[in-house]
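J.: Test case, fold it:
(chains A, B, C and D)
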There are 2 protein chains.
Amino acid sequence: MARQIAERAEIVPLLGEVFREHGYEGASLSVIGKATGLGKGSLYHFFPGGKEEMAAAVLAEVDAWFEAHIYAPLRDETDAAAALARTTEAVIAYFRSGRRVCLVGAFALDQTRDRFAAAIRRYFARWVEALAEALTRLGRDPAAARAAAEGAVASLQGALVLARATGEPALFERVVRRDLAALLAP
Amino acid sequence: MARQIAERAEIVPLLGEVFREHGYEGASLSVIGKATGLGKGSLYHFFPGGKEEMAAAVLAEVDAWFEAHIYAPLRDETDAAAALARTTEAVIAYFRSGRRVCLVGAFALDQTRDRFAAAIRRYFARWVEALAEALTRLGRDPAAARAAAEGAVASLQGALVLARATGEPALFERVVRRDLAALLAP
DNA sequence: GTCTATAAAGCGATAGAC
DNA sequence: GTCTATCGCTTTATAGAC
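T.: Coordinates of the predicted model:
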């Protein structure tokens, strides 16, 4: 009986969960093998660059997801308030209401940051920019919009940390919804 | 020529920096040895429980520092507004204006959390409680105070993540000072 | 495409000399 | 108290059979 998984694209989401749960250092090939159901031979077949290429693939997928579901709507939609509300719900769903950790944030904290510095910087820079753009269209002056945007992204990231630290996922949704309300009615 | 360091208390802060920079998994004994200038023999002399005991000692020191310099003033000082302002400055200094990462937050994100669950939970719970207590003394009703407190701690934690991710430490101080202003004048 | 076997290096931890 | 040597295990990565 052969393996079911035959495509790189099917493996990447599984890798994402492993890196989220264990961090880059903690995600050993044996853990990855268990989570994907693949042996080392198969893993190196799909990712000749090993663990680093696996993590890079996950980061690329995360980037594409946020571009499509968060950044683009925030930047481009005519109704900025609606885009803000809708992308907030999408983010809450993405992070499983606080039960899922932010891979990029986790990578940023330790030395893993140096390995993927460009992707990590880009992730947060674009998030803040897209949010600031939407707030500007809502009528805030650009400087205030940028400040509010970086505050909101920081708050969301920290809420993920606290939610996981205290074992209280609901904290995440609570904080993020409060932030959204403050952004819409300043 | 003998080693200069002869006390456990002198080693713990060095261990703290290593765990902050590399995370628990990434902080190998060889890295720890280099940072402390001690061989494995000496390290196991001071910490018979190995790496886990080292990290536990660091967490205990962090807890003691926050209790003395943050939680106690927030809970006990008569002038709650002054305590809030003063502990905020202390926190900014503690995190080196955004150049230092929160060890407890970093531990919380990956599987390391399970190893030190009680200490991690306690750290954030007491921080939020102490902050809520001060805000209550400022006249906020208890529920609003608690909500504002958990929001402020989350915001601070996320600001540390963003500051490190973007390589812009100043972001941390900016966000934290803005939060303080919002807490004092709601 | 997937597996097992294997290599080389690094890991946490221990023992024992000094 | 500090060191070096070493153990047993796990790590990433490769090779080669199927």
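J.: Show me where chain A has its helices.
T.: Counting by DSSP state H, chain A has helices at residues A:8-26, A:29-36, A:40-46, A:50-66, A:72-76, A:80-94, A:103-109, A:112-115, A:117-137, A:142-166, A:170-184.
J.: Among these, which comes closest to B:W65?
T.: When the helices of chain A are compared by CB to CB, helix A:142-166 sits nearest B:W65, at 17.6 Å. (Each C-beta comes from the backbone N, C-alpha and C, glycine too.)
J.: Now do the closest one: which elements does it pack against?
T.: With contacts taken as 3 or more CB pairs under 8 Å, 6 or more residues apart in numbering or on different chains; DSSP states H and E, helix A:142-166 sits against helix A:103-109, helix A:117-137, helix A:170-184, helix B:103-109, helix B:117-137, helix B:142-166, helix B:170-184.
J.: and if we set it to 10 Å?
T.: Counting contacts by 3 or more CB pairs under 10 Å, 6 or more residues apart in numbering or on different chains; DSSP states H and E, helix A:142-166 packs against helix A:80-94, helix A:103-109, helix A:117-137, helix A:170-184, helix B:103-109, helix B:117-137, helix B:142-166, helix B:170-184.
J.: The fourth one vs helix A:142-166, what angle?
T.: Meaning helix A:170-184. For helix A:170-184 against helix A:142-166, the angle by axes from the mean of the first three to the mean of the last three CA atoms, to 10 degrees is 170 degrees.
J.: just the third one next, same as before
T.: Relative orientation of helix A:117-137 and helix A:142-166, computed by the same axes, to 10 degrees: 120 degrees.
J.: Say whether chain B is contacted by helix A:117-137.
T.: Yes: residues of helix A:117-137 are located near chain B by CB under 10 Å from any CB of the partner chain, namely A:A117, A:I120, A:R121, A:R122, A:Y123, A:F124, A:A125, A:W127, A:V128.
J.: Now render those as CSV, adding pLDDT and distance to DNA strand C.
T.: Converted to CSV, the residues of helix A:117-137 next to chain B look like this (pLDDT from 0 to 100; distance: CB to the nearest atom of the strand, whole Å):
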residue, pLDDT, distance to DNA strand C
A:A117, 98, 21
A:I120, 98, 23
A:R121, 98, 27
A:R122, 98, 29
A:Y123, 98, 28
A:F124, 99, 29
A:A125, 98, 32
A:W127, 99, 33
A:V128, 98, 35
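J.: Name the nearest of the residues you listed relative to A:D110.
T.: Lowest distance from A:D110 to the residues of helix A:117-137 next to chain B (CB to CB) belongs to A:I120, with 11.5 Å.
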